[in-house]
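Q: fold the following.
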Amino acid sequence: MDVYEAIRTRKSVRSYLDREIGDEVLNRILGAGRLAPSARNDQEWRLVVVRDRNTKRKLSEAANNQGFVAEAGAVIACCGVSGGRLMRCGQDPMPIDVAIIIDHITLAAVEEGLGTCWVGSFYADQVRTILGIPDDIAVVELLAMGYPKDPSPAGKNRLALDEVACYESWSF
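A: Just a heads-up that it's a prediction; the model follows:
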């Protein structure tokens with residue numbers, strides 16, 4: 001599979017097979033994420049990988065009772081260690097860098113036959129308590145990952161390219 005195929009076929013998966021993700025597969029996926037770029041190469045991301053059924057159930061409850069979170073083979077709490085700085089453009093690089101590592105992980109997961117779902121509906125304070133994450137660490141996103149019950153590729157409804165990209169100056 002090439003990266004364009006992975007991008008075309010990746011979809012949000014909310015129904016998983018009861019199948020464990022092997023250590024080798026998981027380490028390849030996490031290794032691909034680790035190669036993600038970051039502002040100033042600060043690598044402000046930290047990942048808490050959860051495979052324990054009881055802990056995934058608790059995370060599911062903290063994620064607004066979204067049952068698929070408990071079904072996933074793994075749930076990754078994608079966290080950020082903020083250096084407290086802004087880039088020259090005025091943006092905090094930490095959540096952007098965390099998003100980049102998540103995207104690398106999701107595409108590597110497709111290559112491995114896994115599906116993922118970004119989960120933004122959760123209570124960070126509950127996730128911190130469940131996983132022992134310190135208060136000064138941002139819980140940016142949860143990522144559910146596992147073998148999808150429906151492995152068919154995504155049918156993506158996207159805006160036309162000329163609706164999202166213009167050249168040389170703003171012309172929307």
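Q: going by C-alpha atoms from here, please, whenever you check contacts or count neighbours.
A: Fine.
Q: quick check: longest helix of this structure.
A: In terms of residue count, the longest helix belonging to the chain (DSSP state H) is helix 93-111.
Q: can you list contacts of it?
A: 1, 3, 6-7, 9-10, 28-30, 32-39, 43-45, 78-83, 85-87, 115-116, 140, 143, 145 (CA atoms under 8 Å, 6 or more residues apart in numbering).
Q: of those residues, which belong to helices?
A: Counting by DSSP H, these place 3, 6-7, 9, 28-30, 32-34 in helices.
Q: among these, the buried ones, what's the PyMOL command?
A: Selection of buried members from the ones in helices among the contacts of helix 93-111 for PyMOL, criterion 16 or more other CA atoms under 10 Å:
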select buried, resi 6+9+29+30+32+33+34
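Q: please render the ones in helices among the contacts of helix 93-111 as CSV that adds distance to E71 to the earlier fields.
A: Listed next are these as CSV, based on distance: CA to CA, whole Å:
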residue, distance to E71
V3, 27
A6, 23
I7, 24
T9, 21
R28, 21
I29, 19
L30, 20
A32, 24
G33, 22
R34, 25
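Q: which single one of the ones in helices among the contacts of helix 93-111 is nearest to Q126?
A: L30 (24.2 Å; CA to CA).
Q: next one: the closest residue to that closest one other than its chain neighbours from A6, what distance?
A: Distances taken as CA to CA, 6 or more residues apart in numbering place I105 nearest to L30, at 6.4 Å, with adjacent residues excluded. Look at I105 and A6: by CA to CA, to the nearest Å, they are 11 Å apart.
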